[in-house]
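K.L.:
Kindly return the folded structure for what I paste below:
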Amino acid sequence: MLSGERKEGGSPRFGKLHLPVGLWINYPRKQLAKLGRRWPSAASVKSSSSDTGSRSSEPLPPPPPHVELRRVGAVKAAGGASGSRAKRISQLFRGSGAGVAGSGVAGGPGTPGSAQRWASEKKLPDLAAGVAPEPPLATRPAAPPGVLKIFGAGLASGANYKSVLATARSTARELVAEALERYGLAGSPGGGPGDSSCVDAFALCDALGRPAAGGLGNGEWRAEHLRVLGDAERPLLVQELWRARPGWARRFELRGREEARRLEQEAYGASDGEGSGPALWRPQKNRSRAASGGAALASPGPGSGSGTPAGPGKERSENLSLRRSVSELSLQGRRRRQQERRQQALSMAPGAADAQIVPTDPSDFDQLTQCLIQAPSNRPYFLLLQGYQDAQDFVVYVMTRVQHVFGRGGNSSARGGGSPAPYVDTFLNAPDILPRHCTVRADPEAPATVRPARGAPVTHNGCPLLREAELRPGDLLGLGEHFLFMYKDPRAGGSGPARPPWLPARPGAAPPGPGWAFSCRLCGRGLQERGEALAAYLDGREPVLRFRPREEEALLGEIVRAAAAGAGDLPPLGPATLLALCVQHSARELELGHLPRLLGRLARLIKESVWEKIKEIGDRQPENHPEGVPEEPLTPEAVSVELRPLMLWMANTTELLSFVQEKVLEMEKEADQEGLSPDPQLCNDLELCDEAMALLDEVIMCTFQQSVYYLTKTLYSTLPALLDSNPFTAGAELPGPGTELEAMPPGLRPTLGVFQAALELTSQCELHPDLVSQTFGYLFFFSNASLLNSLMERGQGRPFYQWSRAVQIRTNLDLVLDWLQGAGLGDIATEFFRKLSMAVNLLCVPRTSLLKASWSSLRTDHPTLTPAQLHHLLSHYQLGPGRGPPPAWDPLPADRDAVDTGDIFESFSSHPPLILPLGSSRLRLTGPVTDDALHRELRRLRRLLWDLEQQELPANHRHGPPVATPP
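P.N.:
Residues are numbered from 1 along each chain as shown. Down below sits the predicted model:
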């Protein structure tokens with residue numbers, strides 16, 4: 001369909017005619033582009049000499065249902081076309097019986113004689129004066145119905161096409177439903193041919209092709225062009241509007257909607273002269289000098305990858321019979337406009353005011369008027385400063401989408417594995433341009449950004465660009481060794497910045513190292529000013545740590561060694577913050593493939609440091625002591641000192657892992673947005689990142705395991721006091737909730753001391769709250785299992801299950817739970833001490849009440865105890881001298897097998913699994929560094945990097961350490 005576009009500053013073009021691509025009126029040089037060519041994607045800028053076209057990113061709307069194009073002679077101008085011109089065109093199309101419905105060309109090539117040409121320009125006023133108004137649509141005679149052949153190769157065996165009766169009001173969707181019914185693909189039984197689930201899966205296509213060498217009779221067909229009809233289009237009217245030229249054949253095909261859209265998308269993304277196979281034909285103009293998709297109808301340049309190009313004359317001769325001739329329509333007006341454009345072009349030439357203009361070749365005037373380009377006022381665009389081929393390069397490249405892709409393009413077969421060519425908005429044919437070179441995003445609500453593709457040579461204001469950067473109006477963007485653009489955004493208002501950002505008033509993008517202030521040669525500052533700028537960076541509080549890849553290993557090793565040695569007074573999460581700054585610098589400033597390598601090296605350094613620390617603790621706390629040497633139990637203070645390095649590494653690695661996961665997710669999201677998901681290099685980078693994150697997971701698991709191991713080892717020697725100590729000592733009062741540790745009974749202080757040491761350790765190391773909960777969950781699980789097993793074991797062989805002893809155990813357990821509730825761990829403790837509490841509650845039941853209970857009631861009241869554990873407690877309960885368990889306590893037959901085969905001891909292997917925290921990292925890398933200790937460490941690392949850079953320079957090129965000036 002033709003766009004209802006109007007020319008800015010010229011005569012109005014037709015409104016929305018909803019005509020097929022074969023009918024293109026208003027200029028004799030407008031041609032049909034073959035499917036292999038690509039029309040520029042951006043709305044070409046306005047020119048005073050030529051009508052520049054646009055490839056809209058939105059699909060053209062279907063014709064309204066009330067509009068009916070009965071024949072070519074009934075076409076009426078719509079929209080902004082003037083009434084007089086609409087009448088004149090309508091009258092010319094009806095004139096003298098020369099226009100035959102469906103002929104598609106009047107007076108053009110292929111029409112014998114000159115009797116069918118339009119009236120001459122001298123008779124145009126008379127014809128226009130005698131035009132009568134057209135009758136309303138409702139009063140026009142209906143077009144006769146016709147039979148359409150709808151080919152559906154591959155849909156059903158033994159059938160080449162199906163005939164469908166169509167009227168002028170039959171839409172493409174209705175014909176698809178009827179054709180599917182004839183092919184036996186109408187959908188589910190009872191659904192009918194209009195079943196939307198079946199009709200939506202197919203589309204009607206207008207195909208243009210050539211018969212095979214054997215001719216049309218043998219049934220062989222080779223499609224050259226394809227267009228998907230909209231659901232509301234009238235196929236019968238579309239068929240009548242134009243005919244195929246000799247040697248070509250036209251037919252309607254029924255294809256799967258996904259297949260048709262795929263073919264349409266492939267044709268939409270193919271560059272000039274490249275690609276093969278069926279494609280979508282569209283109107284195209286070759287006179288535009290401002291575009292965003294490559295040279296229109298120009299012979300391909302070197303490196304384009306196409307075959308032998310066809311000359312301009314051949315292109316015009318091939319497309320001549322597919323367009324309508326303008327004949328003598330508005331010849332006087334057209335010649336007058338051409339003369340005005342020529343005079344305007346010549347007036348802009350140097351010396352035009354003093355020289356006498358003599359008539360020259362009209363083609364020279366056309367080429368001269370093509371240089372009169374007015375930039376767009378509502379879209380960002382790129383102004384070409386240096387190109388590769390003057391014959392194919394345009395002056396202005398307009399952005400029609402929020403995301404604009406520069407690239408070389410190419411056919412699908414040129415890419416590995418036959419994968420489809422990447423979508424490209426602007427095609428550049430230089431040999432060093434990658435198929436997808438760089439991506440520019442210009443969101444109206446956010447600053448514009450430019451992101452180079454992997455391995456693509458891109459410069460930003462003269463400096464190499466490796467990662468995404470902000471793009472300001474007036475910035476210079478270099479692509480490869482040939483193309484240089486200036487970015488402009490009229491939406492920003494005004495005429496841009498007072499001075500371009502690439503002039504000496506403002507430095508360009510900084511190199512990654514800290515010596516960028518001295519290495520910059522365009523900043524326009526003296527040596528002293530640059531020294532002050534470097535000193536401001538070295539002593540500044542901004543969370544930035546610049547380094548070059550060659551200093552990466554030394555920097556990471558220094559951070560890890562300082563964290564392992566505990567040097568200085570860094571905050572608990574200081575090492576993770578410094579390492580995250582390194583990751584952030586790599587993700588923003590360095591090349592795309594650097595981040596996975598940095599993550600792998602970082603994870604290995606952390607793992608080696610943690611392994612060394614675990615080995616040191618194991619040497620000081622061996623599991624097997626020599627014979628004759630008593631084992632000294634660990635105290636809470638000693639275990640806290642031993643576990644502090646491991647707990648710090650667990651806290652820092654957890655936050656660092658969350659930060660790395662965020663960066664990897666950003667990498668995947670950017671790849672999905674740019675369509676680079678199947679890229680092998682990207683897949684390799686993601687695999688390296690996964691390996692690095694797996695090493696960090698392993699570090700967290702090992703530090704957690706070692707921490708709970710030494711804590712439970714200390715608890716193992718303190719827990720028996722809960723079963724043996726008597727809280728009701730003479731003159732002692734039971735403490736209430738929130739009591740300090742010193743006020744607790746002596747038998748409970750060692751156990752509570754371990755819990756308090758673990759709580760203080762996790763708080764000092766700023767361990768993630770989820771890991772704090774899981775750490776104490778494991779400690780409570782171990783305490784419950786250990787105490788319950790001791791309780792079961794003590795009931796064998798000696799009287800222990802007595803009401804008085806049970807009351808003491810219950811009181812000790814309540815005191816422990818109350819203290820944990822005051823420490824904020826009451827919910828976790830209640831959950832894990834449930835089974836021990838249930839067993840003690842059973843023993844605390846008064847003897848008289850317990851004798852009246854039956855097995856069924858006891859099982860109901862104590863569901864957490866297994867039948868074996870319940871039977872063990874009841875069978876060893878002390879009722880008195882010579883009294884055994886009553887018969888009511890005997891297990892039911894259904895529970896007898898569980899009692900005989902069940903285990904009365906709790907297993908330590910059924911501990912809860914470790915679940916790593918989810919969500920964003922708690923590291924804060926925005927805003928100034930407020931912690932003085934972290935700032936001092938950051939300054940030390942910056943000066944270390946500065947010294948490493950200076951050591952590589954010759955002695956006469958080195959600079960002394962800069963000294964910051966006092967504020």
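
K.L.:
how near is residue 604 to residue 645?
P.N.:
18 Å (CB to CB, to the nearest Å). Where C-beta positions appear, they are placed from N, C-alpha and C, glycine not excepted.

K.L.:
more neighbours, these two?
P.N.:
Neighbour tally, residue 604 and residue 645, criterion other CB atoms under 10 Å: the higher count belongs to residue 645, 22 against 15.

K.L.:
ok, residue 890 - contacts?
P.N.:
Applying CB atoms under 8 Å, 6 or more residues apart in numbering to residue 890 gives the contacts residue 855.

K.L.:
pLDDT score for it?
P.N.:
With respect to pLDDT, residue 890 scores 91.

K.L.:
And the strands in the stretch 151-300 of the chain?
P.N.:
Assigned by DSSP state E, counting those that start in this stretch, the stretch 151-300 of the chain shows strands spanning 161-166, 202-211, 221-228, 249-256, 279-280, 282-284.

K.L.:
Just name the most buried of those strands.
P.N.:
strand 279-280 (a mean of 22; mean count of other CB atoms under 10 Å).

K.L.:
pLDDT averaged over that one - what is it?
P.N.:
For strand 279-280, the mean per-residue pLDDT is 40.

K.L.:
Ok, stretch 203-213 next?
P.N.:
81.

K.L.:
can you list contacts of that stretch?
P.N.:
Residues from elsewhere that reach stretch 203-213 (CB under 8 Å, 6+ apart): 20, 150-151, 172, 175-176, 179, 218, 220-229, 235, 238, 244, 247-257, 260-261, 278, 281.

K.L.:
Report how many residues lie close to residue 915.
P.N.:
Per other CB under 10 Å, the neighbour tally for residue 915 reads 10.

K.L.:
buried residues in the helix or strand harbouring residue 672?
P.N.:
Using DSSP states H and E, the element containing residue 672 is helix 636-673. For helix 636-673, the neighbour count (16 or more other CB atoms under 10 Å) marks 636, 638-640, 642-664, 667-668, 671 as buried.

K.L.:
so what secondary structure elements neighbour it?
P.N.:
helix 552-565, helix 574-588, helix 594-620, helix 680-716, helix 749-764, helix 769-794 (3 or more CB pairs under 8 Å, 6 or more residues apart in numbering; DSSP states H and E).

K.L.:
Looking at those, which is nearest to residue 743?
P.N.:
Closest to residue 743 of the helices and strands packed on helix 636-673 is helix 749-764 (CB to CB; 9.5 Å).

K.L.:
Specify the angle between that closest one and helix 769-794 in degrees.
P.N.:
Helix 749-764 and helix 769-794 are oriented at 160 degrees to each other (axes from the mean of the first three to the mean of the last three CA atoms, to 10 degrees).

K.L.:
model confidence over helix 749-764, on average?
P.N.:
On average, helix 749-764 scores 94.

K.L.:
counting contacts, what elements does it pack onto?
P.N.:
The helices and strands touching helix 749-764, judged by 3+ CB pairs under 8 Å, 6+ apart, are helix 636-673, helix 680-716, helix 721-724, helix 769-794, helix 803-822.

K.L.:
could you list every residue that touches residue 810?
P.N.:
Per CB under 8 Å, 6+ apart, neighbours of residue 810: 840, 841, 844.

K.L.:
Most neighbours of all the residues you listed, which one?
P.N.:
Result: residue 840 is most packed of the contacts of residue 810 (other CB under 10 Å), 25 neighbours.

K.L.:
Would you enumerate the residues in contact with it?
P.N.:
Residue 840 neighbours (CB under 8 Å, 6+ apart): 791, 806, 809, 810, 813.

K.L.:
State the pair within the residues you listed that is farthest apart.
P.N.:
791 and 810 (11.8 Å).

K.L.:
Isn't residue 462 up against residue 477?
P.N.:
No: between residue 462 and residue 477 there is no contact under CB atoms under 8 Å: 10.4 Å.

K.L.:
How is this protein partitioned into domains?
P.N.:
146-187+197-211+221-267, 375-409+422-488, 712-743+773-901 (the TED database).

K.L.:
which one of those lies closest to residue 952?
P.N.:
Here domain 375-409+422-488 is closest among the domains of the chain (CB to CB), at 19.3 Å.

K.L.:
Quick one: end-to-end distance for that closest one.
P.N.:
Domain 375-409+422-488 has an end-to-end distance of 10 Å (CA to CA, to the nearest Å).

K.L.:
Equivalent analysis for stretch 463-474, please.
P.N.:
15 Å.

K.L.:
and the gap between residue 690 and residue 929?
P.N.:
31 Å.

K.L.:
neighbour count winner among the two?
P.N.:
Neighbours were counted for residue 690 and for residue 929 using other CB under 10 Å; residue 929 has more, 21 against 12.

K.L.:
is it true that the more buried one touches residue 937?
P.N.:
No: the criterion here is CB under 8 Å, and residue 929 misses it with residue 937 at 9.7 Å.

K.L.:
got a pLDDT number for residue 629?
P.N.:
On the pLDDT scale, residue 629 gets 60.

K.L.:
go on, residue 363?
P.N.:
For residue 363, the model assigns a pLDDT of 59.

K.L.:
repeat for residue 625
P.N.:
61.

K.L.:
I'd assumed residue 919 was in contact with residue 655.
P.N.:
No: applying CB under 8 Å, one finds residue 655 not in contact with residue 919, separated by 10.9 Å.

K.L.:
ok so, going back, as CSV, the helices and strands packed on helix 636-673 with distance to residue 902 would be great.
P.N.:
Below are the helices and strands packed on helix 636-673 laid out as CSV (distance: least, CB to CB, whole Å):
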stretch, distance to residue 902
helix 552-565, 48
helix 574-588, 47
helix 594-620, 37
helix 680-716, 25
helix 749-764, 29
helix 769-794, 12
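
K.L.:
quick one: what helix or strand has residue 835 in it?
P.N.:
helix 834-843.

K.L.:
just the angle between that helix and helix 769-794, please?
P.N.:
40 degrees.

K.L.:
Report the buried residues of helix 834-843.
P.N.:
Of the residues in helix 834-843, those buried (16+ other CB under 10 Å) are 835, 836, 837, 838, 839, 840, 842, 843.

K.L.:
low pLDDT regions in the stretch 451-600 of the chain?
P.N.:
Applying pLDDT under 70 to the stretch 451-600 of the chain flags residues 494-528, 567-568.

K.L.:
Strands of that one, start to end?
P.N.:
According to DSSP E, counting those that start in this stretch, the strands that the stretch 451-600 of the chain contains are 458-460, 463-464, 469-471, 476-479, 483-488.

K.L.:
With mean neighbour count added, can I get the ones you listed in CSV?
P.N.:
What follows is those, written out as CSV (neighbours: other CB atoms under 10 Å):
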stretch, mean neighbour count
strand 458-460, 20
strand 463-464, 16
strand 469-471, 18
strand 476-479, 21
strand 483-488, 21
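
K.L.:
Looking at those strands, spot the one closest to residue 881.
P.N.:
Ranking those by proximity to residue 881 (CB to CB) places strand 469-471 first, at 90.5 Å.

K.L.:
So what are the sheet partners of that closest one and their directions?
P.N.:
Taking DSSP bridges as the criterion, strand 469-471 forms sheet pairs with strand 448-452 (antiparallel).

K.L.:
what's the angle from the strand it pairs with to strand 483-488?
P.N.:
160 degrees.

K.L.:
For residue 576, state which of the contacts of residue 840 is nearest.
P.N.:
Nearest member of the contacts of residue 840 to residue 576, counting by CB to CB, is residue 813, at 39.0 Å.
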